[in-house]
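> After the sequence you'll find the predicted model.
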Amino acid sequence: MLEGVLVLRISWGFAALVPIGSSLPLWAGTSGRLLLACLPDDKREKLLAQLALQRFTEETITSVAALRRDLQRVRKQGYAVSYGERVGGAASISTPVRDGRGNVVAAFTISAPRERFLSQEELLLHLAREGAARLSAQIGYTSNSPQKTVLVTP
């Protein structure tokens, strides 16, 4: 299974559902979809050809064609949003973290109960962008760095 790994969690009035070090499917949820969207086209297509899109909730994307459309939208808008795709009743937003060369190297994600998320979505997008910008600055990204939409992969 294609998956990402949670490396840091900060709880603030909301119990995170994913333990640090957990593997997550890339297509279900925002951080994985953001990273998939930021891959070079050839690498993304190679991964998409390998996916067996398992359903986790009624909101999970289970069609490669629908996933391709969503990844295109994520690339265009610069962030990913999920409303209960992996865990019912939860919602999240992810924004890209960039290195000094402008490459996407991680996703900054905020999760909340769906009702709370929906009532504060604009604020959460702003906070996610700000958090990603701060992390990016700490690893060398500046306003003068090129901004690439490509994820750095080994």
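Right, received. Where do you want to start?
> Stretch 50-62: end-to-end distance?
Distance across stretch 50-62, first residue to last, is 13 Å (CA to CA, to the nearest Å).
> Next SSE downstream of the helix or strand of the chain with the lowest mean pLDDT?
Of all helical and strand segments in the chain, the minimum by mean pLDDT, DSSP states H and E falls on strand 3-5, at a mean of 46. Sequence order places strand 23-25 as the next helix or strand after strand 3-5, per DSSP states H and E.
> Tell me which strands that following strand pairs with, and in which orientation.
strand 3-5 (antiparallel) (DSSP bridges).
> got any ranges where the chain has weak pLDDT?
1-20, 145-154 (pLDDT under 70).
> Quick one: the helices in it, in order.
For the chain, the helices defined by DSSP state H cover 30-37, 41-50, 64-77, 114-119, 121-138.
> Against which helices or strands is the fourth one packed?
Okay, so that is helix 114-119. Packing contacts for helix 114-119, counted by 3 or more CB pairs under 8 Å, 6 or more residues apart in numbering; DSSP states H and E, involve strand 80-83, strand 90-98. From N, CA and C alone the C-beta is placed, and that goes for glycine too.
> and what of the first one?
When contacts are defined as 3+ CB pairs under 8 Å, 6+ apart, helix 30-37 sits against strand 3-5, strand 23-25, helix 41-50, helix 64-77, strand 80-83, strand 90-98, strand 104-113.
> Go ahead and name everything in contact with the third one.
Read it as helix 41-50. Outside helix 41-50, the residues that touch it by CB atoms under 8 Å, 6 or more residues apart in numbering are 2, 26, 36-37, 39, 64, 67-68, 71, 153.
> Closest to the centroid, which residue in the protein?
Ser31 (2.0 Å; CA atoms, centre = their mean).
> Let me know whether Ala132 touches Ile110 as I believe.
No: at 10.1 Å, Ala132 does not count as touching Ile110 under the criterion of CB atoms under 8 Å.
> which one of those two has more residues nearby?
Comparing Ala132 with Ile110 by other CB atoms under 10 Å, the one with more neighbours is Ala132, at 24 against 21.
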